[in-house]
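# Structure for the following, please:
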Amino acid sequence: MGNGRTYTRGLCITFNVLLLVSGVFLFVVGVSYSFQHPPEFDHRSTLHEMYVLNVFGPMTVLFSILGGYAAYRDKRILLILYVVFMTCEFIAIVIIAVPMLRAQPKMEEILDRRFHSVTPLHDTEPQVQRELNKLQASDQCCGLRGHSDWGCHIPLSCYCPPLPPDNSLDSLCETVNLGLQNTMPCGPILKRHMNFLIQIMIGFISTFATIMIAAIVMSLVVLALQIRSTEPPLNDSLDRVKYQLSPLAVT
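Residues are numbered from 1 along each chain as shown. Sure thing, here's the model as predicted:
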């Protein structure tokens with residue numbers, strides 16, 4: 001019994017260490033996403049759920065520390081609190097993941113509606129313009145659906161680089177307002193980025209949820225073994241019929 005409890009507590013601590021690492025990863029991803037994708041651009045999209053990673057990350061770190069300490073010190077009350085907290089977090093993770101799963105097949109349609117809502121681009125929020133200018137300069141694209149999204153205010157980030165001698169970039173450029181502009185839209189690039197991000201997050205959340213379930217189950221096993229070890233042994237001596245040999249009578 002003692003070896004079984006030690007082994008189970010070790011597994012519980014191991015799963016909580018994995019949860020600790022996952023919580024740190026969630027927090028880092030959430031913070032980096034918040035800085036790289038401004039809320040002004042994503043607040044109407046289905047990816048607003050990504051911002052809750054800034055909450056789930058620290059929560060997971062705290063709960064994993066609680067669970068690891070409770071398993072190490074074999075504290076029954078702390079283990080019960082840990083199971084309750086982790087169960088609530090697991091339910092919240094499922095609530096967040098379901099809309100992402102439903103939205104993935106419709107992501108292209110959702111983004112098209114969002115692209116339409118922010119055009120013309122020269123009248124949209126300055127932060128959206130800055131982010132789009134960065135994308136246009138790095139990926140040599142222009143506008144969400146084309147350079148016409150900017151109207152007559154095409155930014156410098158849409159300008160094509162100097163053409164090589166073989167004019168290999170000529171098919172990607174068009175003369176607009178007396179200058180060569182990129183004709184490839186940035187919308188498909190954003191769609192690929194969004195779909196890839198959702199796929200990565202769904203895979204990670206699935207793995208994360210599996211580790212959470214394993215940690216909760218191991219904690220329940222530790223609790224069961226702890227309760228069983230504290231039960232007094234059954235005293236069945238009263239239920240036994242005792243017989244005593246009597247000496248033979250001497251005649």
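
# where are the low-confidence patches of the chain?
Residue ranges of the chain with pLDDT under 70: 1-4, 33-53, 161-172, 175-183, 231-251.

# Enumerate residues external to stretch 199-209 that contact any of its residues.
The contact list for stretch 199-209 (CB atoms under 8 Å, 6 or more residues apart in numbering) reads 19, 22, 25-26, 50, 90, 93-94, 96-97, 100-101, 104. Where C-beta positions appear, they are placed from N, C-alpha and C, glycine not excepted.

# Give me the secondary structure label for the closest residue to D149 other than its chain neighbours.
Residue nearest to D149 in three dimensions, not counting chain neighbours: G143, with 3.5 Å by CB to CB, 6 or more residues apart in numbering. Here G143 is coil, with the state taken from DSSP: H, G, I helix; E, B strand; the rest coil.

# ok so, going back, state the pair within the contacts of stretch 199-209 that is farthest apart.
L19 and Q104 (25.5 Å; CB to CB).

# ranges for the strands of the protein?
Taking DSSP state E as the test, the strands found in the chain are 173-176, 179-182.

# Surely P58 touches G23?
Yes - under the criterion of CB atoms under 8 Å, P58 makes contact with G23 at 7.1 Å.

# Who has more neighbours out of the two?
Remark: of P58 and G23, G23 carries more neighbours, 22 against 15, as counted by other CB atoms under 10 Å.

# Name the nearest of the contacts of stretch 199-209 relative to I213.
Ranked by distance to I213 (CB to CB), these are led by F90 at 7.1 Å.
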